[in-house]
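Novice: Mind looking at a prediction? Sequence and model below.
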Amino acid sequence: MHKNIKNLMKSLKQLYLTDIIDEIAFKTKFLKRKTKITPELFLSLCVFGGEDLCISSLVQLKSRIENMKDIRISPQALDQRFNKTAVDFLRTVFYEMLKIQNKVLIDKESLLKNHFKAIKVVDSTSVVLPESFKNTYKGCGGSGSAYQLPL
């Protein structure tokens, strides 16, 4: 692998070191004392725990944590972790991640330009307006236009 690409990946991975996560957790008061649900474990649950995090029950989330680490916790213990300090912790982690990524993008701009020759944005968004808007928004088809897009 190209040396600069390795350095780029190393820069992005630095945020996910346990020491950095613990430091952020301490700074945001998410971590006050040693606990079974570590900041790293909580972050893993919230970020990598699946897209159904917001609709999963506490029992399901508890089971995920217990499967990640060999620990036993109650649903109530997990529920207590979802609070304002958890929001501050997650916000700070993501903010730090964005700072690192932006720094990498700025510092490695020539590297990125050499490896990527173009960015193509593909958008298939369409908005169909009601018939009553046809005089205001003439154009690209839909029920409000005499012009129909080819299929």
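Specialist: It's in. Only a predicted model underlies this, so the values are computations on that prediction, with no experimental measurement involved.
Novice: From here on, just use CA atoms for contacts and neighbour counts.
Specialist: Fine.
Novice: Specify the next element, helix or strand, located C-terminal of the lowest-mean-pLDDT helix or strand in the chain.
Specialist: In the chain, the helix or strand scored least confidently by mean pLDDT, DSSP states H and E is helix 3-13, which has a mean of 61. Where DSSP states H and E defines the elements, the next helix or strand beyond helix 3-13 is helix 18-27.
Novice: other SSEs contacting that next one?
Specialist: helix 39-48, helix 84-107 (3 or more Cα pairs under 8 Å, 6 or more residues apart in numbering; DSSP states H and E).
Novice: give me the low-pLDDT residue ranges for this structure?
Specialist: Confidence mapping of the chain against pLDDT under 70 gives the ranges 1-16, 104-106, 108-113, 115-121, 123-127, 137-151.
Novice: try it again with 80
Specialist: Low-confidence segments of the chain (pLDDT under 80): 1-18, 48-52, 98-151.
Novice: Tell me which residues touch residue 32, please.
Specialist: residue 26 (Cα atoms under 8 Å, 6 or more residues apart in numbering).
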